[in-house]
Structure formats: C-alpha cells, structure tokens
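Participant: below are the sequence and a predicted model for it; my questions follow.
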Amino acid sequence: MFRLLAMLAAVTPALLSAVIPGESCGWFAYKVPEPSTLETVVWRSAGWAMDLLPVALALLALWWPRRFPVLGAAAAATALLLSALTLAVPYTTPCGPMRAEWLFALCPAVVLIACLLARREQPHRPPHRVTAAAWTAVLVITFVRGILATLPVSSGEDVGCMAELKDTLALAHLHLFTAEAVGVWVAVAAAGAVLTGRRAAPAAGLLLLVPALFEPVAQLASSAPHTCAGAAELISLPYLIAAVLAVAGELVPALLVRPR
C-alpha cells in the first residue's frame, strides 16, 4: 500500500502540470530578463529530479523490490532537497520572479514518508523477469518520448505527416501533446510498473493506447485531411509498442507458469 502511495505522490507533479495553465505575459519590445546561472542550475536540477523520481521508484519495484524503501527514500530525499531550493531561489521569467509551488515541493516529502513506512510491510517478491523487462522497456519508451516532446522545433523542420484536426479534436490533440511533454504517460507507465501482478497493471498499459491511436481515430471520425500516405501512418508506433509490451508483460508470465 505504501509503495503505491509513494508512486502516486511521485507522479502528482506531472498530473498537476497537465491541468494547471501556464502563465503568459505577451510579447515585449524590450530585452527579456533572463535567469542567472544559479537559477538555471537549481531549477533544472529540481526538474530532472522530479521527472526521474517516478522512474527510479518504478525500476526499484521491478528489479530491487526489497531495496525499495531504503533506495526510494534516498531518491525522494534528493528530490525534496532540490525542490526546496526552488522555494528559496526564485526563477527569473518575462512575467517576473517565479517561485515554486508548495504543493510540488510537498510531493517528494510524501514519497519520502511513504517509503519509510513501506519498511514495515512484508518484503515484496520481484516480478517475473519477463514482466520486469517489459515494463522497463515501457518506461524507456515513454520517458524518451516525453523528452522529445520538449525539444524545440524550427520553422523549417519536417515534423512528419499529421491530420488537420479542427475545433474540439484539435484542442484535445493539443492537450495530449502537453500531457506527453510534462510526463503524464511516464507517470502511467511508472504506476503500472508498481502495480505488476495486479489487475490494474494491464489497464495502465491500455491507457497508453490513447496517445497511440487518438490521431488516426480522430481523423477517421472527422474525415479530416492529412498529409500521410495512409491513415495508418498517424498511429504513434512507440506508444502502441509500449501498450502491447505492458499487456504482454502481464499475460505471458501467467501463461508460462500455468500448469499443463
């Protein structure tokens, strides 16, 4: 129970980032103020710590479940320390100095407490190696996709084929892209990794079909034009592969150990 609580607290910042609107200050004719080197180091370090925390917890749950409480607490303490620094060191933006939200800094504290309480639970057995390998691959796929979504794209760069969605479907597609950039699908994969062996684990894998199939389904439903050779090219293969691996990683071991 406490392991799941730790994971839920670890993925909360990503979920909050997906629903809290960003701040916009418009365009400026004068020179935009830039953050100092100290501000950049502090805030980027805290950001990476928060992004890697659910991945670290998931890998511990998959490969070293007996070390989850100790190593998970150490990872949470590191993220907590770096997050606390963002409360003391404001980040310079065009809108003015920005401080971190207390709620975001509170999440690693909850993870730390949950990991310490998990020491009182019975030691967890490692999942089947096929399951662990499958969920590890899912974590890698979703994490890499999240990083790629944050990279800047130049105006002349080829972004591949896409559907020309409009209105509500276009807005939903934009929200899915935001969810990918802030790590929501990494959070889904990490939660599924902790839930291995339970019925909810395949459901977490099936959720990855949303970013995999949304665009082709939306294109077929709206008959929107697209720039692809076929509608099948609109499928996000990395997320489709991740979903298949997640479900297969839960089902295959059960078939292997089934008595004949």
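Facilitator: Ah, there it is. Residues are numbered from 1 along each chain as shown.
Participant: state the helix or strand in which Pro97 lies.
Facilitator: Using DSSP states H and E, Pro97 sits in strand 96-98.
Participant: quickly run through the sheet partners of that strand, with directions.
Facilitator: Taking DSSP bridges as the criterion, strand 96-98 pairs within the sheet with strand 91-93 (antiparallel).
Participant: which residues are in contact with the strand it pairs with?
Facilitator: Here strand 91-93 makes contact (C-beta atoms under 8 Å, 6 or more residues apart in numbering) with 23, 25, 33-36, 39, 43, 97-99. Where C-beta positions appear, they are placed from N, C-alpha and C, glycine not excepted.
Participant: mind running it again at 6 Å?
Facilitator: Outside of strand 91-93, the residues within contact range by C-beta atoms under 6 Å, 6 or more residues apart in numbering are 33, 35, 39, 43, 98.
Participant: now Leu8: closest residue in space that isn't a chain neighbour?
Facilitator: Spatial nearest neighbour of Leu8, excluding adjacent residues (C-beta to C-beta, 6 or more residues apart in numbering): Ala191 at 7.3 Å.
Participant: and that neighbour, what's its pLDDT?
Facilitator: Each residue has a pLDDT score; the one for Ala191 is 93.
Participant: show me the two of the contacts of strand 91-93 that sit farthest apart.
Facilitator: Taking C-beta to C-beta as the measure, the contacts of strand 91-93 span a maximum distance of 14.7 Å, between Pro33 and Trp43.
Participant: more neighbours: which of these two?
Facilitator: The neighbour count for Pro33 versus Trp43, taken as other C-beta atoms under 10 Å, is higher for Trp43 (21 against 13).
Participant: surely the more buried one is within a helix?
Facilitator: Yes. Read with DSSP: H, G, I helix; E, B strand; the rest coil, Trp43 is one of the residues of a helix.
Participant: name the nearest residue to it, sequence neighbours excluded.
Facilitator: According to C-beta to C-beta, 6+ apart, the nearest residue to Trp43 is Tyr91 (5.0 Å).
Participant: that neighbour bridge partners, please.
Facilitator: On the basis of DSSP bridges, Tyr91 is bridged to Met98.
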